[in-house]
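Asks: Structure for this input, please:
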Amino acid sequence: MIYQAFFFLCVIAVVSASLMSDRREKALFFGCIGLGVAYLFELNGVLNHEWSYANVHSVLRVTDIPIEILFGYFTATFFIIIIIAYLPRLSSEERRIVLLQYALLVTGIVLLIAAYAYHSVPLVVGWVFMGIFGLSVSRDMSIPLTVGLCAFLADWAVEGMLTNRMEYYSNGWDPTIALIFMFAGMFISGVFTHPLMTFEIVSLQERAVVLEETVEKVIGSE
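Replies: Now for the predicted structure:
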């Protein structure tokens, strides 16, 4: 019943957006591309027995894949184009960026609390949002990207290569640990390269210069 309700909501959303949008042709075209790619992905998973929909009650199956799943992919790709076309018409870019930055930060904090306190979500999920937040607030995006990449490679080298033949982890090295270091590094370096943080540092430097000049004048007058 849940699958049918999901399918029904997707159909209503696509039809409504198609009637109201002047980008319906492009959205429908890319939706079909997303549907085709998703079908190949799902088919590969079903044929290789990586997952199964045997217990799913579907309206229609396409080579053992529920049509609700496939139409969900179509709907997602369809609305990507709708969002790209219409989001710039809402408010200003600066306001949207600030709002999304707050949304990323709050989402990351909530997910990290859930990961640490309740173990209900993987730890890396929360740090992904924190890392993207750090990337978005940095005055120079190359800095958090470089720090994140270096953190990932360093953890891979130290924990992945050096402990390869040691019983360091019970199930071997987990690459998600390196991802956590990468996104944590992106978050930290992004926050420290925020324009406001840079302003504070520059202000402190200017105050130090002014103080030094004042001291020199006082000493010189004596």
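Asks: Secondary structure element for S18, which one?
Replies: Per DSSP states H and E: S18 is located in helix 2-20.
Asks: Which positions in that helix come out as buried?
Replies: Of the residues in helix 2-20, 3, 6-7, 10, 14, 17-18 count as buried by neighbour count, 16 or more other C-beta atoms under 10 Å. The way it works is simple: take the backbone N, C-alpha and C, and place the C-beta from them, glycine included.
Asks: before we move on, what about stretch 146-156?
Replies: 147-148, 151-152, 155-156.
Asks: farthest-separated two in those residues?
Replies: V147 and W156 (15.0 Å; C-beta to C-beta).
Asks: The closest residue to T193 other than its chain neighbours: neighbour count?
Replies: Distances taken as C-beta to C-beta, 6 or more residues apart in numbering put S138 closest to T193, at 4.4 Å, once the chain neighbours are dropped. S138 is flanked by 24 other residues according to other C-beta atoms under 10 Å.
Asks: I'd like the distance between S138 and V15.
Replies: Plainly put, S138 is 41 Å away from V15 if you go by C-beta to C-beta, to the nearest Å.
Asks: ok so, going back, which of the buried residues of helix 2-20 sit farthest apart?
Replies: Y3 and S18 (22.4 Å).
Asks: What separation do you get for the closest residue to S52 other than its chain neighbours and Y3?
Replies: Closest residue to S52 apart from its sequence neighbours, by C-beta to C-beta, 6+ apart: V46 at 6.8 Å. Per C-beta to C-beta, V46 is found 16 Å from Y3.
Asks: Over to P195?
Replies: 47 Å.
Asks: swap in L43?
Replies: Separation of L43 from Y3 (C-beta to C-beta): 18 Å.
Asks: Ok, G72 next?
Replies: Separation of G72 from Y3 (C-beta to C-beta): 9 Å.
Asks: so how far is the first residue of stretch 46-56 from its last?
Replies: Terminal residues of stretch 46-56 are spaced 13 Å apart (C-alpha to C-alpha, to the nearest Å).
Asks: Which residues does that stretch contact?
Replies: Outside stretch 46-56, the residues that touch it by C-beta atoms under 8 Å, 6 or more residues apart in numbering are 3, 44-45, 61, 63-66, 69.
Asks: in it, what's buried?
Replies: Under 16+ other C-beta under 10 Å, the buried positions of stretch 46-56 are 46, 53.
Asks: chain center to that stretch, what's the gap?
Replies: Offset of stretch 46-56 from its chain centre (C-alpha atoms, centre = their mean, to the nearest Å): 28 Å.
Asks: In contact with G126, which residues?
Replies: Here G126 is in contact with 108-115 (criterion: C-beta under 8 Å, 6+ apart).
Asks: Turn the residues you listed into a markdown table, columns for distance to L123.
Replies: Below are the contacts of G126 laid out as a markdown table (distance: C-beta to C-beta, whole Å):
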| residue | distance to L123 |
| --- | --- |
| G108 | 11 |
| I109 | 13 |
| V110 | 13 |
| L111 | 9 |
| L112 | 7 |
| I113 | 11 |
| A114 | 10 |
| A115 | 4 |
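Asks: Generate the PyMOL command that creates a selection of the buried members of those.
Replies: Remark: buried members of the contacts of G126, expressed as a PyMOL selection using 16+ other C-beta under 10 Å:
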select buried, resi 108+111+112+115
